[in-house]
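Colleague: need a structure here:
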Amino acid sequence: MKVVFMGTPDFAVGALEALIQAGHEITAVVTQPDKPKGRSDKLVPPPVKECALQHGIPVLQPMKIKTPEAIEALRQYPADVYVVAAFGQILSQEILDIPPYGCLNIHASLLPKYRGASPIQHVLIDGEQETGVTIMQMDAGLDTGDMLYRKVIPIEAEDTFETLHDKLMRLGGEAITEALALLAEGKLTGEKQDDAKSCYAPLIRKELGKLDFGKPAAALDCLIRGVTPWPSAYTLYRGKQLKIWRAKPVELTESAAPGTIVRVEKDAFLVACADGALQVLEVQLEGKKRMPVRDFLLGVRLCVGEVLG
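Modeller: Numbering: from 1, shown residues only. Take a look at the predicted model:
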């Protein structure tokens with residue numbers, strides 16, 4: 001099939017590579033403009049642009065995809081279908097109507113749950129047991145189009161946003177190539193989404209990572225994994241920010257106020273929560289490197305009874 005691919009971050013690269021390897025003709029790639037980075041403000045291209053250029057694919061980077069100029073530029077590249085993965089701009093109905101097979105979106109959740117910008121983080125934060133990728137026929141709404149194809153994977157106890165992102169990136173590539181094969185054979189049929197079962201996954205903001213030990217340990221474990229590596233989970237220790245990179249919920253027999261350090265072990269320390277405790281395994285104190293608690297305790301003397309937060 002001839003495909004115009006729209007995507008921007010690393011998540012979209014997996015799908016683009018899979019389509020190329022499957023033999024589809026990518027006539028053009030559409031991505032966000034280069035952005036300044038660092039103190040020098042040097043312009044850095046999106047990962048999808050770098051991938052496209054490595055394969056000699058023409059790249060379009062409109063500031064706004066809905067402008068007449070951008071739409072006219074799109075029309076210059078023949079395509080049976082547009083494939084969209086984390087592009088970052090909303091497509092107009094005029095664009096959706098250009099290719100004969102319309103526009104297919106690779107969404108990193110099992111729709112209709114977790115529509116929106118941050119589904120991978122929110123399935124972890126909410127303690128879901130499984131997730132996956134949905135190939136959706138795009139319409140004018142926000143992730144509301146008909147579902148065409150789904151692939152499901154379990155969420156492991158050790159999964160973080162980083163690990164789950166990479167799993168879903170690969171799964172998205174598998175799903176879109178399998179879906180396009182079915183589309184070419186006329187075997188891909190849509191299923192309406194049940195809006196009553198939908199929920200929204202808004203953008204993640206830095207303040208979400210602030211730990212409230214007045215919540216159950218299991219909920220805090222889910223939050224930590226959902227915001228690792230960004231924006232990361234954090235609390236305060238002796239007036240300094242303490243990031244908690246890895247922890248797990250454990251039972252607590254003794255009674256203590258939430259946030260209290262109740263035990264210091266060789267490789268970990270336990271913090272009381274509303275229900276149970278967090279066994280903290282990897283941390284980063286403000287101004288220091290990320291490290292296992294074993295190394296952290298070599299330079300910091302934690303005291304039972306101290307309170308975090």
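
Colleague: per-residue pLDDT of residue 304, please?
Modeller: Listed pLDDT for residue 304 reads 96.

Colleague: over to residue 32?
Modeller: 98.

Colleague: what residues are up against it?
Modeller: 8, 46, 61, 87-89 (C-beta atoms under 8 Å, 6 or more residues apart in numbering). Glycine gets a C-beta too; all of them are placed from N, C-alpha and C.

Colleague: A helix includes it, no?
Modeller: No: using DSSP: H, G, I helix; E, B strand; the rest coil, the secondary structure at residue 32 is coil, not a helix.

Colleague: can you tell me the closest non-neighbouring residue to it?
Modeller: residue 8 (4.7 Å; C-beta to C-beta, 6 or more residues apart in numbering).

Colleague: gap between the one you found and residue 253?
Modeller: 49 Å (C-beta to C-beta, to the nearest Å).

Colleague: before we move on, what about residue 54?
Modeller: Counting by C-beta to C-beta, the gap from residue 54 to residue 253 is 57 Å.

Colleague: okay, these two: which has more neighbours?
Modeller: residue 54 (10 against 6; other C-beta atoms under 10 Å).

Colleague: got a pLDDT number for that one?
Modeller: 97.

Colleague: ditto for residue 18
Modeller: 98.

Colleague: residue contacts, it?
Modeller: 172-174, 176-177.

Colleague: so of those residues, which ones are in strands?
Modeller: For the contacts of residue 18, not one is inside strands, with DSSP state E as the criterion.

Colleague: give the contact list for residue 201.
Modeller: Applying C-beta under 8 Å, 6+ apart, the residues near residue 201 are 109, 114-119, 121-123.

Colleague: can you say which of the residues you listed are buried?
Modeller: Neighbour-count burial (16 or more other C-beta atoms under 10 Å) applied to the contacts of residue 201 gives 109, 114-116, 118-119, 121-123.
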